[in-house]
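Chemist: Just the structure for this:
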Amino acid sequence: MTFDVAALRAQFPILDQQVNGKPLVYLDNGATTQKPEAVLNVLEHYYRTVNSNVHRGAHHLSDLATGQFEGARETVARFLNASREEILWTKGTTESINIVAQCIGRERLQPGDEVLISTSEHHANIVPWQQACLATGATLKVIPLREDCSLDQDAFDQLLTERTKIFAIGHASNALGTLNPVQEMVAKAREAGAITVVDGAQAVAHFPVDVQALDVDFYAFSAHKLFGPTGIGVLYGRRELLEAMPPYQTGGEMIETVSFEKSTWNQLPYKFEAGTPNIAGAIGLAAAIDWFNQQDREALQAHEDSLLVHATKQAEAFDGLKIIGTAANKVSVLSFLLEGAHPADVGMLLDKQGVAVRTGHHCTMPLMDTLGIPGTVRASFSIYNTLDEVDRLFEALEKVKTFL
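Modeler: Next up, the predicted model:
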């Protein structure tokens, strides 16, 4: 199978527009990816022809909706190499991590215990653990960075002790693009007896993820960073841990029996899915996964790698530009600063030229404080971006320099 980026782009209608009189160059994929026609059509078809509540319905539309909804769970399970009972629907990665922090962290942590995270974590993989530690008397420990913004593995080995009860790590940094050696780190953490949690929000759209090979206890991701809709995410959890956990929320669907004296809980995965779920979102995510799997994944990954290599070479040659995060292993993210310019001003002037990037701290304020910077300009590339768009980014940056 050959890879034709023009043919791929044609499947994303939003890319064919102008912004401020210029062709759109969308380089904010770390925040959210665009959606192909295959996903948009499935969402429209669901609402036009199937829309109904799932489970227990005594009519045809409910049966159709339930079949598609549970079929989507099967699709995600295959995507991660898990069983369907281990796939929980959530609002996104943030809620997924909060579920683990609330239902495992607050249940199992006690004074003297430690939670180990890294300096480069997204706020969604910091604040829930902070709160769990505050509630239980446990201590939050942080793995420092090397000069290239990769994690200091020697420090990790020293920080990981028998007191470490939970190890929570991002598969890839949203702010820097750094790809962490998760499989090796998870293996060490499990050997130390820690429960392992991986934030995969920035990983699943870039390379295959196999939770069995990773041997991780929990893995979380969001649909909207995988060409799917917003408001839907996934938490994979090891079955024995999910069965031992208390429910995150209570109400309808997650119950087995209810009386005024007591209630009992439904079987997995429904025990963690109180209320009417995001049915269309789950079906849309399955459509995104099906579409993604139909592509030549190796070719897509090679294309993304070429975009990052091309962008990095131009950045290194660009006078007054400093790359933030130079680890050897990265996903397709280029974070940088322009000498004498605030990131917000750079982003605004790029937008005037039709180039969409993200600026600021990227929900990694502790990381930015550690680096001693206010934030960065972040260009994050996806499979539908082109080498020409990379060139357009740097042509626009030349004009930004003249403006500033």
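
Chemist: alpha carbons only for contacts and neighbour counts from here, please
Modeler: Fine.

Chemist: Now do the domain split for this protein, please.
Modeler: Split into domains by automatic domain parsing, the chain comes to 5-30+295-403, 41-293.

Chemist: Adding mean pLDDT and mean neighbour count, write the ones you listed out as a markdown table.
Modeler: Converted to a markdown table, these look like this (pLDDT from 0 to 100; neighbours: other C-alpha atoms under 10 Å):
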| stretch | mean pLDDT | mean neighbour count |
| --- | --- | --- |
| domain 5-30+295-403 | 97 | 18 |
| domain 41-293 | 97 | 19 |
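
Chemist: Show me where the stretch 51-200 of the chain has its helices.
Modeler: For the stretch 51-200 of the chain, applying DSSP state H, counting those that start in this stretch gives helices covering 60-80, 93-100, 106-108, 127-136, 153-159, 182-191.

Chemist: Go through the ones you listed and name the closest to residue 359.
Modeler: helix 93-100 (20.5 Å; C-alpha to C-alpha).

Chemist: Check which helices and strands that closest one is in contact with.
Modeler: Packing contacts for helix 93-100, counted by 3 or more C-alpha pairs under 8 Å, 6 or more residues apart in numbering; DSSP states H and E, involve strand 195-199, strand 218-222, strand 233-237.

Chemist: In CSV, could you pull the C-alpha coordinates for the first one?
Modeler: The C-alpha trace of strand 195-199 is given here as CSV (Å, rounded to 0.1, in the frame of the first residue of the first chain):
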residue,chain,number,x,y,z
ILE,A,195,0.3,0.1,40.4
THR,A,196,1.1,1.5,36.9
VAL,A,197,-0.9,4.2,35.1
VAL,A,198,0.0,5.5,31.6
ASP,A,199,-1.5,8.6,30.0
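
Chemist: Packing partners of it?
Modeler: So strand 195-199, by 3+ C-alpha pairs under 8 Å, 6+ apart, packs with helix 93-100, strand 164-170, helix 182-191, strand 218-222.

Chemist: partners of it in the sheet?
Modeler: Counting by DSSP bridges, the strands paired with strand 195-199 are strand 164-170 (parallel), strand 218-222 (parallel).

Chemist: Mind putting those strands into TSV with distance to residue 374?
Modeler: TSV is the format used below for the strands paired with strand 195-199 (distance: least, C-alpha to C-alpha, whole Å):
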stretch	distance to residue 374
strand 164-170	22
strand 218-222	27
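
Chemist: Kindly reformat the helices and strands packed on strand 195-199 as a markdown table containing distance to residue 35.
Modeler: Below are these laid out as a markdown table (distance: least, C-alpha to C-alpha, whole Å):
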| stretch | distance to residue 35 |
| --- | --- |
| helix 93-100 | 19 |
| strand 164-170 | 24 |
| helix 182-191 | 28 |
| strand 218-222 | 14 |
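
Chemist: Compare those and give me the one nearest residue 9.
Modeler: strand 218-222 (21.9 Å).

Chemist: could you give the angle of that closest one to helix 93-100?
Modeler: Using axes from the mean of the first three to the mean of the last three C-alpha atoms, to 10 degrees, one finds that strand 218-222 and helix 93-100 are set 150 degrees apart in direction.

Chemist: circling back to that earlier point, would you tell me which of the helices and strands packed on helix 93-100 gets closest to residue 296?
Modeler: strand 218-222 (21.6 Å).

Chemist: From residue 123, how far out is residue 379?
Modeler: Note on residue 379: its distance to residue 123, by C-alpha to C-alpha, to the nearest Å, is 20 Å.

Chemist: check contacts around the residue lying closest to residue 74 once chain neighbours are set aside.
Modeler: Of all residues not flanking residue 74 in the chain, residue 84 sits nearest, at 5.6 Å (C-alpha to C-alpha, 6 or more residues apart in numbering). Applying C-alpha atoms under 8 Å, 6 or more residues apart in numbering to residue 84 gives the contacts 73, 74, 76, 77, 269.

Chemist: residue contacts, the third one?
Modeler: Going back to what we said before, that points to residue 76. Per C-alpha under 8 Å, 6+ apart, neighbours of residue 76: 84, 87, 286, 289.

Chemist: can you pull the contacts of the last one?
Modeler: Yep, that's residue 289 we're talking about. By C-alpha under 8 Å, 6+ apart, the neighbours of residue 289 are 75, 76, 79, 226.

Chemist: could the residues you listed go into a markdown table alongside distance to residue 109?
Modeler: As requested, the contacts of residue 289 are exported to a markdown table (distance: C-alpha to C-alpha, whole Å):
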| residue | distance to residue 109 |
| --- | --- |
| 75 | 34 |
| 76 | 30 |
| 79 | 32 |
| 226 | 33 |
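
Chemist: and of these, the nearest to residue 355?
Modeler: Among the contacts of residue 289, and counting by C-alpha to C-alpha, the member closest to residue 355 is residue 226, at 21.2 Å.

Chemist: ok, that closest one touching residue 288?
Modeler: Yes - shown here, residue 226 and residue 288 form a contact pair, counting by C-alpha atoms under 8 Å, at 7.0 Å.

Chemist: coming back round to it: among the helices and strands packed on strand 195-199, which comes closest to residue 64?
Modeler: strand 218-222 (24.6 Å).

Chemist: Determine how far the closest one lies from the middle of the whole chain.
Modeler: Offset of strand 218-222 from its chain centre (C-alpha atoms, centre = their mean, to the nearest Å): 7 Å.

Chemist: which other residues reach it?
Modeler: 91-93, 96-97, 100, 196-202, 204, 211, 230, 232-238.

Chemist: repeat for stretch 391-404
Modeler: 25, 311, 314, 315, 341, 346, 349, 350, 353, 355.

Chemist: That one: how far from the chain's middle?
Modeler: 30 Å.

Chemist: Convert the C-alpha atoms of that stretch to CSV, please.
Modeler: Extracted in CSV, the C-alpha atoms of stretch 391-404 (Å, rounded to 0.1, in the frame of the first residue of the first chain):
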residue,chain,number,x,y,z
ASP,A,391,7.9,25.3,4.9
ARG,A,392,4.9,27.6,5.2
LEU,A,393,5.3,27.6,9.0
PHE,A,394,8.9,28.9,8.7
GLU,A,395,8.1,31.4,6.0
ALA,A,396,5.5,32.8,8.3
LEU,A,397,8.0,32.9,11.2
GLU,A,398,10.3,35.0,9.0
LYS,A,399,7.5,37.5,8.7
VAL,A,400,6.8,37.3,12.4
LYS,A,401,10.5,38.3,13.1
THR,A,402,10.1,41.4,10.9
PHE,A,403,6.9,42.4,12.7
LEU,A,404,8.4,42.0,16.2
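
Chemist: I'm done for today, thanks for sticking with me.
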